[in-house]
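Undergrad: Using only what follows, build the 3D model:
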Amino acid sequence: MFAWRYRIHAICVLSVLAILFVPWYMNKPDKNTVDATNNAALEFLQMVDAGRYDDSWQIVAPYLQKKIPLPDWKSKLAKDRKTIGELDSRSLEDASKTAATEEFPDSELILLKYSSQFKLKEVEEVVTVIQGKDNRWRVVGYFIQ
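TA: Residues are numbered from 1 along each chain as shown. Have a look, this model is predicted:
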């Protein structure tokens, strides 16, 4: 088979690959979760795209509503959207589980990354969703990078 020295190299290479691959694989949500979270995020994003900031604030997680009052929410989104223009296209690039946070120690958080082309620039939109007590996925974070 392999000489002893090559077996050691093979074991080292396989170990490194396992160390890199296993955490990445374990952070991937299943297809049903990705579909459900993507649907929730797209519902939110479509409201924001249409300038329905009040409606988008109504469907986010209660935590986010407490953290950002509606007037601040509306002004921040309006300002951000003015700098990037109208949406041309959006595609989901990645979905991953995120580590539990101090605010949500027992909750599953899913981070969705979208590659989005707007009239004035191309951006990455990052939407974090959380499953509420009613089992509905709700947006708990939205960032434009």
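Undergrad: Give me the below-cutoff pLDDT ranges for this protein.
TA: Low-confidence segments of the chain, defined by pLDDT under 70: 1-5, 9, 14-15, 17-27, 100, 102, 105-106.
Undergrad: Show me where it has its helices.
TA: Secondary structure of the chain by DSSP state H: the helices cover 4-26, 31-49, 53-59, 62-67, 70-84.
Undergrad: what packs against the third one?
TA: In other words, helix 53-59. The contact analysis (3 or more Cβ pairs under 8 Å, 6 or more residues apart in numbering; DSSP states H and E) places helix 53-59 against helix 31-49, helix 70-84. Any C-beta I mention is one placed from the backbone N, CA and C, and that applies to glycine too.
Undergrad: Return the most buried member of those helices.
TA: helix 31-49 (a mean of 17; mean count of other Cβ atoms under 10 Å).
Undergrad: Does it pack against any helices or strands, and if so which?
TA: Where contact means 3+ Cβ pairs under 8 Å, 6+ apart, helix 31-49 is packed against helix 53-59, strand 87-98, strand 109-118, strand 122-131, strand 137-144.
Undergrad: repeat that with 6 Å
TA: helix 53-59, strand 87-98, strand 122-131, strand 137-144 (3 or more Cβ pairs under 6 Å, 6 or more residues apart in numbering; DSSP states H and E).
Undergrad: Having no further points to raise, I will conclude here.
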